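> Quick one, what's the 3D model for this:
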Amino acid sequence: MFRAMRRSRQELSREETEAVLARGTHGVLAVAGDEGYPYAVPLSYTYREGKLYFHCAKAGHKLDAIRGCDKVSFCVVDQDEVVGEKFTTYFRSAIAFGRVREVTDPTEIWAIMEHMSRRYGPNETQESIHAEISREEKALCVLEMEVEHLTGKEAIELVRGKEAGG
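Numbering: from 1, shown residues only. From the prediction side, this is the model:
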C-alpha cells in the first residue's frame, strides 16, 4: 500500500525515525483540503506509543478537512544544514502516514494535554500545567494520529559519514 523508499540507502531505521519524532518540536500536517487542494499546516505535537497527538481549536480548515478524509501525513525535519559550497543540505526527516481521530473522552484529553504540557513546559509545576489545561479545556480539540506507516531519510553525506565511522 505504501511506496518503498527509492533511495533505500538513505532510509533510517524505525528506531532512528522514531528518535527524529521524539526530538522534534513541530512538524507539518498535510490533509486533503477544500476543492481537492492539499492543505499543510505547521503544528506542535507529541509522540508516544506509535501515535502522534496535536491540539487545536474546535473549528477550522484543518478539522473540516479531517472530517472529510481522515487520511493524513505528518512531516518532521530534524536537521537541515545548508552546505553552500556543495549546493546541498545535510538533512534528516521523518514522515508518518496514518489516520486522525478527534479525541472525545475528557480523561484521555486531559492525559494527552498533560503529557504535551510537560514536554513543552518541562520546568512548569503540576499546578501551573493543570491551571492552563483547565483554562483552555472548553475551547480545545485534541487529535490523535494512529501511525500506519513511518519513514525516515537522511542526506547521503550523513550516511557516508556514519559508514566512515564519523
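
> contact partners of the helix or strand of the chain with the lowest mean pLDDT?
Using mean pLDDT, DSSP states H and E, helix 156-163 stands out as the lowest-scoring helix or strand of the chain, at a mean of 82. By CB atoms under 8 Å, 6 or more residues apart in numbering, the residues outside helix 156-163 that reach it are 7, 9-10, 79, 83, 86, 88, 90, 92. Bear in mind the C-beta positions are built from the backbone N, C-alpha and C, glycine included.

> So Arg135 belongs to a helix, correct?
Yes: judged by DSSP: H, G, I helix; E, B strand; the rest coil, Arg135 forms part of a helix.

> From the contact counts, what lies against the top helix by length along the chain?
In the chain, with assignment by DSSP state H, the single longest helix is helix 106-120. Applying 3 or more CB pairs under 8 Å, 6 or more residues apart in numbering; DSSP states H and E, one finds that helix 106-120 contacts strand 46-48, strand 51-57, helix 126-136, strand 140-154.

> Residues touching that helix, excluding its own?
Contacts of helix 106-120 (CB under 8 Å, 6+ apart): 25, 44-46, 48, 53, 55, 103, 124, 129-130, 132-133, 137, 140, 142, 144.

> repeat that for 10 Å
The contact list for helix 106-120 (CB atoms under 10 Å, 6 or more residues apart in numbering) reads 22, 25, 44-48, 51, 53-55, 102-103, 105, 124, 126, 128-130, 132-134, 136-137, 140-144.

> Taking strand 51-57 as reference, get the angle to that helix.
In terms of direction (axes from the mean of the first three to the mean of the last three CA atoms, to 10 degrees), helix 106-120 departs from strand 51-57 by 100 degrees.

> If we go by neighbour counts, what in helix 106-120 is buried?
Using 16 or more other CB atoms under 10 Å as the test for burial, helix 106-120 gives 109, 112-113, 116-117, 119.

> do the same with stretch 146-160
147, 150-155, 158-159.

> that older thread, quick one: which of the contacts of helix 156-163 has the most company?
For the contacts of helix 156-163, the largest neighbour count, defined by other CB atoms under 10 Å, is 22 neighbours, found at Arg92.

> Could you pull up the residues touching Cys75?
Neighbours of Cys75 in contact, by CB under 10 Å, 6+ apart: 24, 27-30, 40, 42, 93-96.
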